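**Student:** Sequence and predicted model, in that order:
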Amino acid sequence: MSHTVITTTTTTLRSSGDGVLNLGYTRTIPGLLKMGQMLALLIAFLCIRCARGWPSWAAFQYFEVVALWFLIAFLVFFLMHLFRLQAKMPCINWPLTEFFHYSVGAVLIFIASIVASVKGGEVSALVAAAVFGFIATFLMVVNLWTSYSVACGPQAGAAV
């Protein structure tokens, strides 16, 4: 008497219901930090751009370039998370890329904010730009602190 065993496997694909957009990311701490950084950098950039009577043109042009560059870079990272583009480009280590970008951004914007606060003089728009630069720097450091374990922590499956 022979016995036959038949095993069946069922695979179910689940959709989050959001379609292409990952709107849940905007409610997470990294998403809120990115939006705060972009808002602070946008306000700092607009303050520098609209200021009249710059006491040190080269210093504030540096601040303007750094703020605009990192505003665009953080917008790209935010849109990548929002549209789930990291999964479509697995050849790049995105957490590590963001970690290094935030590290460089925090240092450069901190330097630019110090220079802007020292050379701002009596122009209130330049002082406001420096304050928002410091706020953006603080938010970047918080983002670095929260993402450190993701980017530089022990990897799953690593030998202990």
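**Tutor:** That came in fine, so what should we check first?

**Student:** In this structure, where is pLDDT below threshold?
**Tutor:** For the chain, the stretches flagged by pLDDT under 70 are 1, 5, 7-19, 149-160.

**Student:** can you point me to the longest helix in it?
**Tutor:** Longest helix in the chain by number of residues (criterion: DSSP state H): helix 124-152.

**Student:** helices and strands around that helix, which ones?
**Tutor:** Packing contacts for helix 124-152, counted by 3 or more Cβ pairs under 8 Å, 6 or more residues apart in numbering; DSSP states H and E, involve helix 29-50, helix 57-82, helix 94-119. Quick note: C-beta positions are derived from backbone N, CA and C, even for glycine.

**Student:** now the angle from the second one to helix 29-50?
**Tutor:** In this structure, helix 57-82 runs at an angle of 150 degrees to helix 29-50, with axes from the mean of the first three to the mean of the last three Cα atoms, to 10 degrees as the basis.

**Student:** Show me which residues of helix 57-82 are buried.
**Tutor:** For helix 57-82, a neighbour-count test (16 or more other Cβ atoms under 10 Å) marks 59-60, 62-64, 66-68, 70-71, 73-74, 77-78, 80-82 as buried.

**Student:** List the contacts of stretch 103-123.
**Tutor:** 41, 48, 51-56, 59-60, 62-63, 66-67, 70, 73-74, 126-127, 129-131, 133-134, 136-137, 140-141, 144 (Cβ atoms under 8 Å, 6 or more residues apart in numbering).

**Student:** my bad, should have said stretch 27-39
**Tutor:** By Cβ under 8 Å, 6+ apart, the surrounding residues in contact with stretch 27-39 are 25-26, 70-71, 74-75, 77-78, 81, 136, 139-140, 142-143, 146-147.

**Student:** Could you rerun that using 7 Å?
**Tutor:** Outside of stretch 27-39, the residues within contact range by Cβ atoms under 7 Å, 6 or more residues apart in numbering are 25-26, 71, 74-75, 77-78, 81, 136, 139-140, 142-143, 146-147.

**Student:** quick check, nearest of these to residue 87?
**Tutor:** Residue 87 lies nearest to residue 81 out of the contacts of stretch 27-39, by Cβ to Cβ, at 10.7 Å.

**Student:** still on that earlier bit, may I see the buried residues of the longest helix of the chain?
**Tutor:** For helix 124-152, burial by neighbour count (16+ other Cβ under 10 Å) applies to 125-137, 139-140, 142-144, 147, 151.

**Student:** now swap in stretch 23-43 and tell me
**Tutor:** Within stretch 23-43, the residues that qualify as buried are 25, 30, 31, 33, 34, 36, 37, 38, 40, 41, 42, 43, counting by 16+ other Cβ under 10 Å.
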